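Trainee: the sequence and its predicted three-dimensional model are supplied below.
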Amino acid sequence: MKLILLLLFAATAACVGALLLLISRARDKRLLLNAVRRASSDAPDGIGISVLCSGVTDAAQIENLLSPEYSRYEVIVVLDARRHAAEFAALVARYRMIRVEWACSGELEVSGVRALGRSRRRCFRRLVLVDRAWDSEAGDFDAAASVATYDYLLPVRTGCFLLPGTVERLVAELGEGRPGSLDLIRSPLGEPAALLSREAVVVAGGFGIRPLRGIPRGRRRRLWEPLLTAPRSGTRMSGWLRGLAAAALAAAFVAAAAAGWWTAAAALATLALVWAGGEYAARLAGGAVPWVPGNLTAWSRLFRHY
């Protein structure tokens, strides 16, 4: 039994090390891409991205989503004007939205859309506001996809913000292969994010059918770096509390080793490694992976599925 436990601890340590290596390499690649500006405002190969939002009313979040300077990019906000009358009116006033003619692409089954608006101001032309009767988040995403201009779709939930360089990073990843060779780019770090091709969503029948499941492995790519963050989704202990917890863990390890309880000592060493790995992963990810001592929040976020 002791041997099995020791092997389990060793396997855990190996997995932590492998994950940290992946995250470190992804960070280095992102820094390199930022340095050489491979994804410039001149859209390579005509790659365009439409951000799809459901129920977003926070002006700060919308401003964040509109911040990328990439040229082939838009933000589509779907909101129920009757359910959120005050918030909808505030967005219309803030961005000088006017009602425009529209037509769904017909590729997805969409219902409940009352109107579509665009801004009078040129600086907000990339924002599209859709008035739709709420039924589900997936229904809102389908409605946004049906009026989207571009072939790659990035669903963003309420409270999620783009990290700097996210759009350019996605465009650079899409531009590395032959055009149209990828249907999915996903990141489990920070807030889980998934960029999908319009074709994959249409083939799946919409977002309510979990379109990620039907995408072949060869048309997927995983990024070990954060793309989205939710500032209120996690907390961090203060430095002195983390130091106190680390000291207590070290003392427990020393006591177990001195008493000859090697299995317990190995378990404590593995726990310390996982903890340190979570802290290091958060640093590599720019602080986007929150760590709450007492549970495995930082690592559980690595394996959450969108």
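Mentor: Structure's in. What do you need?
Trainee: show the end-to-end separation of stretch 140-158, please.
Mentor: Counting by CA to CA, to the nearest Å, you get 12 Å between the two ends of stretch 140-158.
Trainee: do the same with stretch 116-130
Mentor: 5 Å.
Trainee: residue numbering should commence at 564 henceforth.
Mentor: Right, with 564 as the first residue, what we last looked at is stretch 679-693.
Trainee: gap between Ala653 and Ile625?
Mentor: Distance of Ala653 to Ile625, given as CB to CB, to the nearest Å: 11 Å. Just so you know, the C-beta spots here come from the backbone N, C-alpha and C atoms, and that holds for glycine as well.
Trainee: do Glu739 as well
Mentor: Distance from Glu739 to Ile625, by CB to CB: 30 Å.
Trainee: who has more neighbours out of Ala653 and Ile625?
Mentor: Neighbours per residue (other CB atoms under 10 Å) separate Ala653 from Ile625, with Ile625 holding more: 20 against 13.
Trainee: tell me the contacts of the more buried one?
Mentor: 616, 619, 638, 640, 654, 690 (CB atoms under 8 Å, 6 or more residues apart in numbering).
Trainee: can you put the residues you listed in CSV and add neighbour count?
Mentor: What follows is those, written out as CSV (neighbours: other CB atoms under 10 Å):
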residue, neighbour count
Cys616, 27
Val619, 23
Val638, 26
Val640, 26
Leu654, 21
Leu690, 22
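Trainee: which members of those occur in helices, if any?
Mentor: Within these, residues falling in helices by DSSP state H are Leu654.
Trainee: will you turn the contacts of Ile625 into TSV that also has pLDDT?
Mentor: Formatted as TSV, these follow (pLDDT from 0 to 100):
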residue	pLDDT
Cys616	97
Val619	95
Val638	98
Val640	98
Leu654	96
Leu690	97
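Trainee: of all the contacts of Ile625, which comes closest to Gly743?
Mentor: Minimum distance to Gly743 across the contacts of Ile625 is 23.4 Å, recorded for Val638 (CB to CB).
Trainee: against Leu747, how distant is that closest one?
Mentor: As for Val638, its distance to Leu747 is 21 Å (criterion: CB to CB).
Trainee: low-scoring stretches of the protein, by residue?
Mentor: Within the chain, the stretches with pLDDT under 70 are 564-573, 575-576, 579-608, 795-803, 805, 825, 838-869.
Trainee: helices of that one, residue ranges please.
Mentor: Counting by DSSP H, the helices of the chain are 565-599, 622-628, 648-657, 700-710, 729-739, 761-767, 802-821, 825-847, 860-863.
Trainee: what lies in contact with the fourth one?
Mentor: Taking contacts as CB under 8 Å, 6+ apart, the residues outside helix 700-710 that touch it are 613, 615-618, 639-641, 665, 667-676, 679, 691, 693, 695, 697, 716, 718, 720, 761, 764, 769-771.
Trainee: drop anything exposed from those.
Mentor: Using 16 or more other CB atoms under 10 Å as the burial test, the contacts of helix 700-710 include 613, 615-618, 639-641, 667, 670-671, 673, 676, 679, 691, 693, 695, 697, 716, 718, 720, 761, 764, 769-770 as buried.
Trainee: in strands, which of these appear?
Mentor: If you go by DSSP state E, the buried ones among the contacts of helix 700-710 have 613, 615-617, 639-641, 676, 679, 691, 693, 695, 716, 718 in strands.
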